[in-house]
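> Below are the sequence and a predicted model; questions follow.
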Amino acid sequence: MTNATVLDDPVGGPDDPATAGRAGILRGILRRRSTVVAGGFLLLLVACAVLAPVIAPHDPDAQDVLQRLQPPSGEHLLGTDDYGRDVLSRLIYGARVSLQAAVQAVVVALLIGLPPGIVAGYWGGLLGATLTRVMDALMSAPSLVLAITIVAVLGPGVTNAMLAVGLVMAPRFFRVARATTMDVRHETYIEASVALGCSSLRTIGRHILPNVMPPIVLVISVSLGTAVAAEASLSFLGLGVRPPAASWGSMLSTASSNMGIAPYLVWPPGVMIFLTVLAFTYLGDGVRKGMLRSRSAGSKED
Amino acid sequence: MLRYAGKRLLAAIPLLFVVPLLVFLLIGLAPGDPAVVLAGDNPTPERVAAIRDQLGLDDPVWERYLRWVGAALQGDLGTSLLSDQRVVDMLTRRMGTTMSLVLFAMVMAVVLGAAMAIVASLRPGGLVDRLVNWLASIAIAVPAFWFGLVLASLFAVSYQLLPAFGFEPLSAGFWPWLSHLILPGIALGLLPAAEVTLQLRSALGQVLRSDYVLNARAKGLSRRAVLFKHSLKNACIPVVTVLGFRVAEVLAGSVTIEIIYNMPGLGSLAVDSVLNRDIPVLLGFVLFSTSVVVVVNLLVDISYGYFNPKVRA
């Protein structure tokens, strides 16, 4: 949102806590070194995923049975798998699957969780109570078990698996959206907006949503990490990505069945999953602390 | 206390019915004919018809659901679509493996996590404290199934210190049972152990700064006595909460760990049932997992009452 749109708005303005101090949040986030390192790593990962066809030394699906299960060498930097495919290339293409899957899952969770959360927080009542009950039930079911069940019904595949993971993660978004909406629901500027005759949709879009988004960004960051790990588990079990496509999880499944002959296969995909999850965790942590800092700084200025 | 526990139990039971209902609704909402999907590749019309009949797909969803609930209440979860075995028998045969694994992982998480947190709290802000905190926050990002693979490859395949695969029941002797659990248990317990460490450390930090601890110290009690006699019990509440949440995740994590270590538990059964679209077995597994979660939540709630009598009211 730019400054001009804020000034157009009769109710919003510099006092609106949603628009004040956004630059402060960013500055607070960038001040922490671990956050910058985590963010840099993730940017690099995205670049690798996008540029995969350019930087991968080999075709990730090209089989060479004579070269199967070769340990790392000059030709194959990370060795080859049981079909003689280049592990490094598969690792690079695997980043595509992991990131795409994570984004898919989080978008699903956002779509299923956020609007009902705002509705439940804004109007409450029977509808709000029902939605809360359903989300609570969803939340207390064991997540991977539920995801496996959904994959069983829809059939294996990355998209279905991520639909399942997204559904399982939706209650987090619901809870945060509902709680934040309830927090600001009775603030003066919201009531002013209603009193001025703004429609509920406009009030929500202009005044509630900007308040809900910062904590949601935090949930998004943490959920991206969870989704990467979930995709890996499901693909490891053969419920995610379909062969021959490479995914870090399915590469670990190959490693598992060739553990005796090719122990080196265990490391590359695992380290990548670990680092990616860690980076998303640190990023989320940095965002949270940056928000806390800018909020406390903001209240001091008042 | 008993009344409090009863109230919590009544509040927890509906979940047992809601989660299977979600599964039924999902099957009902799924695009296409589930029976065709269930019959696998190139199904014969007879197989599709048999599956439709067995699942009662020609009836509305709620009728199927109620029939399943009615049978489940009498201890009948139907028969497997693949093997014609009773689902209840399949579950009970494999339950011991999974429960041993989950229990071992949780015990390890509590023992290791508590030890780390207590050692770290002895000198707040010291080198050990920072090291423990750093290790635990990194351990949280390690995927359990990858850690399981690494442990298996190092200790079972390369050095052959411990058996890598399979499972022995407790009736086969204590050491065979334990030795098959150590590696998978550590893999599965790492994440909850790290969480227990972080939670207990931060709770202890708060309790150790409180007035009554200061008072106990002022009376001349040693730091150690204050820690063990006055602080631990109060610091346990957030830890128990985390553990309660974690049991569901550990149970889910046991699925991948059982596959890696080739353990004949519920997890491998669940994956097989998914790959073969064996819905009755899957429903049985879902019901079992949900029951475990419900029971654990109940224990957590009751333990709140034990740790903090104020909750009981």
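Received the coordinates, thanks.
> Residue of the stretch 201-313 of chain B closest to chain A, please.
residue B:252 (3.4 Å; C-beta to the nearest C-beta). Where you see a C-beta, it was placed from the backbone N, CA and C, and this is true even at glycine.
> That residue reaches residue A:165, doesn't it?
No: in this structure residue B:252 lies outside contact range of residue A:165 using C-beta atoms under 8 Å: 11.9 Å.
> who has more neighbours, the two?
Using other C-beta atoms under 10 Å in any protein chain shown as the criterion, residue B:252 and residue A:165 rank with residue A:165 on top: 33 against 23.
> Could I get the contacting residues of the more buried one?
Residue A:165 makes contact with A:105, A:108-109, A:147, A:226-227, A:230-231, A:234, according to C-beta atoms under 8 Å, 6 or more residues apart in numbering or on different chains.
> Going by secondary structure, it is in what exactly?
For residue A:165, the host element (DSSP states H and E) is helix A:158-184.
> Might you list the low-confidence residue ranges for chain A?
Where chain A drops to pLDDT under 70, the residues are A:1-25, A:294-302.
> Strands along that one, start to end?
Assigned by DSSP state E, the strands in chain A number zero.
> Find the centremost residue of it, please.
Centroid-nearest residue in chain A, with C-alpha atoms, centre = their mean: residue A:224, separated by 2.1 Å.
> Would you tell me what helix or strand the residue of the stretch 201-313 of chain B closest to chain A is located in?
Assessed by DSSP H and E, residue B:252 sits inside helix B:232-260.
> what is the rounded mean pLDDT of that helix?
Per-region confidence: helix B:232-260 scores 86 on mean pLDDT.
> packing partners for that helix?
helix A:143-154, helix A:209-236, helix B:87-122, helix B:144-151, helix B:174-208, helix B:266-275, helix B:279-307 (3 or more C-beta pairs under 8 Å, 6 or more residues apart in numbering or on different chains; DSSP states H and E).
> chain center to the fifth one: distance?
Right, the one you point to is helix B:174-208. 13 Å (C-alpha atoms, centre = their mean, to the nearest Å).
> Now do the helix or strand following it and helix B:232-260, the angle between them.
In the C-terminal direction, the helix or strand that comes right after helix B:174-208 (DSSP H and E) is helix B:211-218. Here helix B:211-218 points in a direction 110 degrees away from that of helix B:232-260 (axes from the mean of the first three to the mean of the last three C-alpha atoms, to 10 degrees).
> angle of helix B:211-218 against helix B:174-208?
90 degrees.
> For helix B:211-218, what is the distance to the chain centroid?
Using C-alpha atoms, centre = their mean, the offset of helix B:211-218 from its chain centre is 38 Å.
> Flag every buried residue along that helix.
Buried residues in helix B:211-218, counting neighbours by 16 or more other C-beta atoms under 10 Å in any protein chain shown, are found at B:213, B:216.
> Ok, stretch A:110-130 next?
Applying a neighbour-count criterion of 16+ other C-beta under 10 Å, one finds A:110, A:112-114, A:116-122, A:124, A:128 buried in stretch A:110-130.
> does stretch B:263-275 come close to chain A?
Yes: Stretch B:263-275 lies within reach of chain A by C-beta under 8 Å from any C-beta of the partner chain, at B:270-271, B:273-275.
> what does that stretch contact?
Contact partners of stretch B:263-275, identified using C-beta under 8 Å, 6+ apart, comprise A:145, A:148-149, A:151-152, A:156, A:237-239, B:80, B:90-91, B:94-95, B:97-98, B:101, B:165-167, B:180, B:184, B:254-259, B:278-279, B:281-282, B:285, B:288.
> For the residues you listed, which ChimeraX command selects only the ones that are buried?
ChimeraX command restricting those to the buried ones, with burial defined by 16+ other C-beta under 10 Å:
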select /A:145,148,149,151,152,156,237,238,239 /B:80,90,91,94,97,98,101,167,180,184,254,255,256,257,258,259,278,279,281,282,285,288
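> Which SSE is immediately downstream of the helix or strand of chain B with the lowest mean pLDDT?
Here the helix or strand of chain B ranked lowest by mean pLDDT, DSSP states H and E is helix B:34-38, holding a mean of 65. Downstream of helix B:34-38, the first helix or strand assigned by DSSP H and E is helix B:45-55.
> now check the next helix or strand after that following helix, is it near chain A?
Beyond helix B:45-55 on the C-terminal side, the first helix or strand identified by DSSP H and E is helix B:61-73. No: with C-beta under 8 Å from any C-beta as the criterion, chain A is not reached by helix B:61-73; the gap is at least 12.7 Å.
> buried residues in helix B:61-73?
For helix B:61-73, the neighbour count (16+ other C-beta under 10 Å) marks B:61, B:64-65, B:68, B:72 as buried.
> and which of those residues is nearest chain A?
residue B:61 (12.7 Å).
> To what extent is the closest residue to that closest one other than its chain neighbours buried, counted in neighbours?
Ranked by C-beta to C-beta, 6 or more residues apart in numbering or on different chains and with sequence neighbours excluded, the top spatial neighbour of residue B:61 is residue B:28, at 4.0 Å. Using other C-beta under 10 Å, residue B:28 has 15 other residues around it.
> now the angle between helix A:143-154 and the helix or strand that contains residue B:28, please.
Taking DSSP H and E as the criterion, residue B:28 maps to helix B:2-29. Calculated by the same axes, to 10 degrees, helix B:2-29 forms an angle of 30 degrees with helix A:143-154.
> Just the mean pLDDT for helix B:2-29, thanks.
pLDDT averaged over helix B:2-29 gives 77.
> in that helix, what counts as buried?
In terms of neighbour count (16+ other C-beta under 10 Å), helix B:2-29 has its buried residues at B:8, B:12, B:15-16, B:18-24, B:26-27.
> Redo those as CSV? Include distance to chain A.
Compiled in CSV, those are given as follows (distance: C-beta to the nearest C-beta, whole Å):
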residue, distance to chain A
B:8, 13
B:12, 9
B:15, 6
B:16, 10
B:18, 4
B:19, 5
B:20, 10
B:21, 9
B:22, 7
B:23, 6
B:24, 10
B:26, 5
B:27, 5
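> follow-up on the earlier one: so which of the helices and strands packed on helix B:232-260 comes closest to residue A:171?
Closest approach to residue A:171 among the helices and strands packed on helix B:232-260 is made by helix A:143-154 (9.7 Å; C-beta to C-beta).
> And that closest one, what does it pack against?
Counting by 3+ C-beta pairs under 8 Å, 6+ apart, the packing neighbours recorded for helix A:143-154 are helix A:158-184, helix A:209-236, helix B:2-29, helix B:232-260, helix B:266-275, helix B:279-307.
> between those helices, which gets nearest to residue A:28?
Among those, helix A:209-236 comes nearest to residue A:28, with 11.5 Å by C-beta to C-beta.
> Tell me which residues of that closest one come out buried.
A:209-212, A:214-216, A:218-236.
> which residues sit in contact with the residue lying farthest from the centre of chain A?
Distance from the C-alpha centroid of chain A, by C-alpha atoms, centre = their mean, peaks at residue A:66 (39.8 Å). Contacts for residue A:66 (C-beta under 8 Å, 6+ apart) come out as residue A:84.
> rerun at 10 Å
Neighbour list for residue A:66: A:80, A:84 [criterion: C-beta atoms under 10 Å, 6 or more residues apart in numbering or on different chains].
> cool, and residue B:293?
Taking C-beta under 10 Å, 6+ apart as the test, what residue B:293 contacts is A:140-142, A:145, B:12, B:15-16, B:19, B:244-245, B:247-248, B:251.
> now, which of those residues sits nearest residue A:86?
Lowest distance from residue A:86 to the contacts of residue B:293 (C-beta to C-beta) belongs to residue A:145, with 35.4 Å.
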